[in-house]
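> need a structure here:
(one chain, ligands or ions: 3)
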Amino acid sequence: MSISQANDSKSVAQQMAEAGSFDHRKYKSYAPLALRDRTWPDKQLTKAPIWCSVDLRDGNQALIKPMTVEQKVRMFQLLVKLGFKQIEIGFPSAAQPEFEFARKLIEEDLIPDDVTIQVLTQAREHLIQKTYEALDGVKKAIVHVYNSTSTVQREQTFGMNKDEIARIAVQGAQWVQDYAAKYPQTEWTFQYSPESFTGTEVDYAIDVCNQVIETWNPQATKPVIINLPATVEMSTPNVFADQIEYMCRGLAQRDHVIVSLHTHNDRGCGVAATELGLMAGADRVEGALLGNGERTGNMDTVTLAMNLYSQGIDPELDFSNVQEMIDVCTDVTDLPVHPRHPWVGELVYTAFSGSHQDAIRKSLQYHNEKQLPHWEVAYLPINPADLGRDYEAVVRINSQSGKGGVAHVLERDHGIELPKWMHGHVSKIVQKAAEDAGAELRGPQIKKLFDENFIEVPDGWDLRGYDLSNQDSQTVATFRIEAAEPLELKGRGQGALEALADALSQHYGVTMKVTQFDEHALRQGTDSDAIASVCVTVDGEESVAAYIHEDTTTANLQALLSAVGRAAARVNLTARTAETA
Ligand SMILES: CC(=O)SCCNC(=O)CCNC(=O)[C@H](O)C(C)(C)COP(=O)(O)OP(=O)(O)OC[C@H]1O[C@@H](n2cnc3c(N)ncnc32)[C@H](O)[C@@H]1OP(=O)(O)O
Ligand SMILES: CC(C)C(=O)C(=O)O
Ligand SMILES: [Mg+2]
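Ligands and ions are numbered 1, 2, ... in the order given. This next block holds a predicted model:
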């Protein structure tokens, strides 16, 4: 008997008993909804949805260690600061800290006037009663009642048929309404979730939701919220979008119903499903910061908001201080943020690889020079500074990096703008050091390598002074050099640099040619400091050096002298004459 035949004849229970059987045939594919006249694929998102944070409920119920009341207050205050106007604060009938937290917010008047708190309850009377007790005295609140409607839960958890499950929903909705009437001073909004909606036959989901809507009888001034959860993400986002479009068409009193989405991320598409669901007609979304929540988490509100932001849409949430948000979240959830987390991870604006760095550097320069009206920079979907991130993270150097990246770091961190011909010389040194270290090199290490290999004056090659004059439209010069014995050399040429090359050629009896030269002001440091870079060939041997000085002629001459001095380590330079002072 083949393995395949063996598996086909086994029940799921038998297969489960066989530990370690990685066999896809025990799973079946989802059945897509045949919505032929779907309209959502042609829609575009143009505005932010109504946001509801579920950090303090769905996020909290998934933590190893649920938040304390104090931690919940901290998270609540962060959510308010970020701009959430609807915040599900918990499941007050579930546990004492949940109840106490609701009481604290109300009694200590911690809820801003423009923020509505929301609470979750099962459709069970004693839990609903306790929920209202927790909310006594609140100005306004959303009471969110749910029951599970999927085939699996109907059959396996509840052992009930469709009508019986619908009756739980309607009875729950009725209790929610009845208890609300006991607290007339509060402005109540009701919300219903057919939990495990994506595993529910869509016509049945419409039927249950419409019975709840009929119970609550919403008005224009008193809408209800129907929240459609992908309690477990079971399909590709397009299937979810079809389900949402179908629901939006089938829900009664649609004008008085706010359609809300609550996706989870089991297949890694929680945000994508929400985006398509919004295109399919939903008005509101529930989610958690950084995607905290049951299993793989809830839809990540940071990612969705930043996706909108990066399309030029006001997300109506403020992530300008992303570090503060990360600090509070990691602290209260005790969960780390992945370095590649969309938009906010430590590495998401960082390029280590040479070609990316080169493109980023050129593109940023182009962007600044042309003053483009919109952000269009290679490899950087948004300006990291918008999130309070600095540019240091954008280009980081290791052995995968190229010359553009090294030049970028010297420019960015030290205001040293190198001429293009020098990029390769510097990056060769940096790359070798990175390879030897087998690690990243940070800005100060790169500057040190640059100083040691290009700026520092080799022993015995210090320029002590010079006199320049003009003769027959040529520069005639005397140079004083601090060597083992002080030298005074004379030379002539087109300018001071050529005159020095001439003086050194004569002195050492070698051919010397300045092949590259550049001089310009430093972008950092004193106003007058200039950096000069020189490439010289000494008897065919190429040597490069640079020097920084407030006097540009001194910078040029010392750069040349240093380059020759560095060549002297490789070429035998012996004085031909004895022109000592
Ligand atoms: C997808 C989601 O995130 S849903 C939210 C989940 N969050 C939580 O559960 C966190 C808080 N929950 C709790 O602390 C507890 O579950 C409580 C306090 C709410 C209830 O506690 P208990 O009654 O002791 O236990 P439990 O939740 O297991 O109750 C199960 C019973 O409720 C019924 N039930 C479960 N959900 C619902 C519901 N939404 N509406 C009506 N009845 C429900 C079950 O059928 C079961 O009935 P049975 O006793 O006849 O078998
Ligand atoms: C309570 C409901 C909305 C829920 O969290 C879910 O279905 O995921
Ligand atoms: Mg959930």
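> residues contacting residue 134?
When contacts are counted by Cβ atoms under 8 Å, 6 or more residues apart in numbering, residue 134 touches 92, 93, 98, 99, 102, 103, 119. From N, CA and C alone the C-beta is placed, and that goes for glycine too.
> 7 Å instead?
Applying Cβ atoms under 7 Å, 6 or more residues apart in numbering to residue 134 gives the contacts 92, 99, 102, 103, 119.
> near ligand 2, which residues of the chain?
Within the chain, the positions adjacent to ligand 2 are 58, 120, 146, 193, 195, 227, 229, 231, 262, 264 by Cβ under 6 Å from any ligand atom.
> near ligand 1, from those residues?
Answer for those near ligand 1 (Cβ under 6 Å from any ligand atom): 58, 146, 195, 231.
> Wait, the last one touches residue 266, no?
No. Contact criterion Cβ atoms under 7 Å: residue 231 and residue 266 do not qualify, at 9.4 Å.
> mind listing the strands for the stretch 351-500 of the chain?
Taking DSSP state E, counting those that start in this stretch, the strands of the stretch 351-500 of the chain run over residues 462-471, 474-482, 487-493.
> Would you mind giving those strands as JSON lines with mean neighbour count and mean pLDDT added?
What follows is the strands of the stretch 351-500 of the chain, written out as JSON lines (neighbours: other Cβ atoms under 10 Å; pLDDT from 0 to 100):
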{"stretch": "strand 462-471", "mean neighbour count": "13", "mean pLDDT": "96"}
{"stretch": "strand 474-482", "mean neighbour count": "18", "mean pLDDT": "95"}
{"stretch": "strand 487-493", "mean neighbour count": "18", "mean pLDDT": "96"}
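> helix/strand/coil for residue 171?
Following DSSP: H, G, I helix; E, B strand; the rest coil, we place residue 171 in the helix state.
> List the single closest residue to residue 478 in space, sequence neighbours excluded.
Of all residues not flanking residue 478 in the chain, residue 467 sits nearest, at 4.7 Å (Cβ to Cβ, 6 or more residues apart in numbering).
> didn't that neighbour look like it was pressed against residue 479?
No. Using Cβ under 7 Å, residue 467 is not in contact with residue 479, being 8.4 Å away.
> Nearest residue to the middle of this structure?
residue 343 (1.8 Å; Cα atoms, centre = their mean).
> so that one touches residue 307, yeah?
No. Between residue 343 and residue 307 there is no contact under Cβ under 7 Å: 8.1 Å.
> Tell me the residues of the protein that contact ligand 1?
Near ligand 1, when you scan the chain using Cβ under 6 Å from any ligand atom, you find 58, 61, 91, 94-95, 122-124, 127, 146-147, 158, 168, 195, 231, 294.
> Buried ones among those?
58, 61, 91, 94, 122-124, 127, 146-147, 168, 195, 231, 294 (16 or more other Cβ atoms under 10 Å).
> Any chance of a markdown table for those residues, columns pLDDT and secondary structure?
Shown next, in a markdown table, are these (pLDDT from 0 to 100; DSSP: H, G, I helix; E, B strand; the rest coil):
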| residue | pLDDT | secondary structure |
| --- | --- | --- |
| 58 | 98 | helix |
| 61 | 97 | helix |
| 91 | 98 | coil |
| 94 | 96 | coil |
| 122 | 98 | strand |
| 123 | 98 | coil |
| 124 | 98 | coil |
| 127 | 98 | helix |
| 146 | 98 | strand |
| 147 | 98 | strand |
| 168 | 98 | helix |
| 195 | 98 | strand |
| 231 | 98 | coil |
| 294 | 98 | coil |
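> and which of these is nearest ligand 2?
Within these, the smallest distance to ligand 2 is 3.4 Å, found for residue 231 (Cβ to the nearest ligand atom).
> Can you tell me how far that closest one is from residue 107?
Taking Cβ to Cβ, to the nearest Å as the measure, residue 231 falls 33 Å from residue 107.
> Show me what the mean pLDDT comes to for stretch 339-357.
Mean pLDDT, stretch 339-357: 94.
> Same check on stretch 171-183?
Mean per-residue pLDDT for stretch 171-183: 98.
> since we're on residue 181, how many residues are nearby?
By other Cβ atoms under 10 Å, the residues close to residue 181 number 9.
> show me what contacts it?
Residues in contact with residue 181 (Cβ under 7 Å, 6+ apart): none are found.
> Please repeat the previous calculation with a cut-off of 10 Å.
132, 188 (Cβ atoms under 10 Å, 6 or more residues apart in numbering).
> Residue 377 contacts residue 356, correct?
No. In this structure residue 377 lies outside contact range of residue 356 using Cβ atoms under 10 Å: 11.5 Å.
> what's the overlap in contacts for the two?
Joint contacts of residue 377 and residue 356 (Cβ under 10 Å, 6+ apart) are residue 394.
> The two: which is more packed in?
Neighbours per residue, other Cβ under 10 Å: of residue 377 and residue 356, the larger number sits with residue 356, 21 against 18.
> how close does the nearest residue to the more buried one once chain neighbours are set aside sit to ligand 2?
Nearest residue to residue 356 in three dimensions, chain neighbours excluded: residue 379, at 5.1 Å (Cβ to Cβ, 6+ apart). With distances defined as Cβ to the nearest ligand atom, to the nearest Å, the gap from residue 379 to ligand 2 amounts to 36 Å.
> okay, now residue 379: neighbour count?
Residue 379: 15 neighbours (other Cβ under 10 Å).
> which residues sit in contact with it?
349, 350, 351, 353, 355, 356, 357, 359, 360, 363, 394.
> quick one: which two of the residues you listed are the most distant?
Of all pairs drawn from those, the one with the longest distance (Cβ to Cβ) is 349 and 355, at 16.5 Å.
> The two - which one has more neighbours?
Neighbours around residue 349 and residue 355, counted as other Cβ under 10 Å, are more numerous at residue 349. The numbers are 24 against 15.
> Quick check: closest non-adjacent residue to the residue of the stretch 351-500 of the chain found nearest ligand 2.
Closest residue of the stretch 351-500 of the chain to ligand 2, Cβ to the nearest ligand atom: residue 387 (28.4 Å). Distances taken as Cβ to Cβ, 6+ apart place residue 322 nearest to residue 387, at 4.2 Å, with adjacent residues excluded.
> Please tell me how far the one you found sits from ligand 1.
Computed as Cβ to the nearest ligand atom, the residue 322 to ligand 1 distance reads 27 Å.
> surely that residue meets residue 328?
No. Counting by Cβ under 10 Å, residue 322 does not reach residue 328; the two are 11.0 Å apart.
> tally of neighbours for residue 297?
If you count neighbours by other Cβ under 10 Å, residue 297 ends up with 21.
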